[in-house]
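Peer 1: here's a sequence, model it:
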Amino acid sequence: MVSNTKILNSVKVSGSVLLAIGMLTFFYSLFANGSSSLIGISIGIIMGAVFIFLMGVFFVATEEMLKTSDKGIHLEPTNKN
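Peer 2: Numbers count the residues shown, from 1 in each chain. Next comes the predicted model:
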C-alpha cells in the first residue's frame, strides 16, 4: 500500500500544479492578453492535467484490485480411468 500512496500523491501534486498553470494561463489569455491561440494552449494544459490525474487514479485502483484478487485459474485434477 505504500507504493500506491506514493503514486497517488505524486499524481495529485503533478495534476494540481498543471491545473493551476493551465487556469492561470487561461485567465491571463482571456482577460489580459486576448490571444485566442493562448486560450487553446491553456485548455490543452487543463485537459492534460485532468487526464494525468485520472490515469494515475485508474492505475492505483487497478493495482490494488490485482493485489487483493485471487490469481490464476484453479483447476481440479482429472482422474483418468
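Peer 1: so where does residue 42 fall, helix or strand?
Peer 2: Using DSSP states H and E, the element containing residue 42 is helix 36-68.
Peer 1: that helix: which residues count as buried?
Peer 2: Buried residues in helix 36-68, counted by 16 or more other CB atoms under 10 Å: 38, 39, 42, 45, 46, 49, 53, 56, 60. From N, CA and C alone the C-beta is placed, and that goes for glycine too.
Peer 1: distance of the last one from residue 11?
Peer 2: Remark: distance between residue 60 and residue 11 (CB to CB, to the nearest Å) = 8 Å.
Peer 1: how about the fourth one?
Peer 2: The gap separating residue 45 from residue 11 is 16 Å, by CB to CB.
Peer 1: again with the third one
Peer 2: Residue 42 sits 21 Å away from residue 11, taking CB to CB as the criterion.
Peer 1: what does the fifth one give?
Peer 2: Taking CB to CB as the measure, residue 46 and residue 11 are separated by 16 Å.
Peer 1: what do you get for the first one?
Peer 2: Remark: distance between residue 38 and residue 11 (CB to CB) = 26 Å.
Peer 1: distance from the helix holding residue 42 to the middle of the chain?
Peer 2: Computed by CA atoms, centre = their mean, to the nearest Å, the separation of helix 36-68 from the middle of its chain amounts to 3 Å.
Peer 1: tell me what it is packed against?
Peer 2: Contacts defined by 3 or more CB pairs under 8 Å, 6 or more residues apart in numbering; DSSP states H and E place helix 36-68 against helix 2-27.
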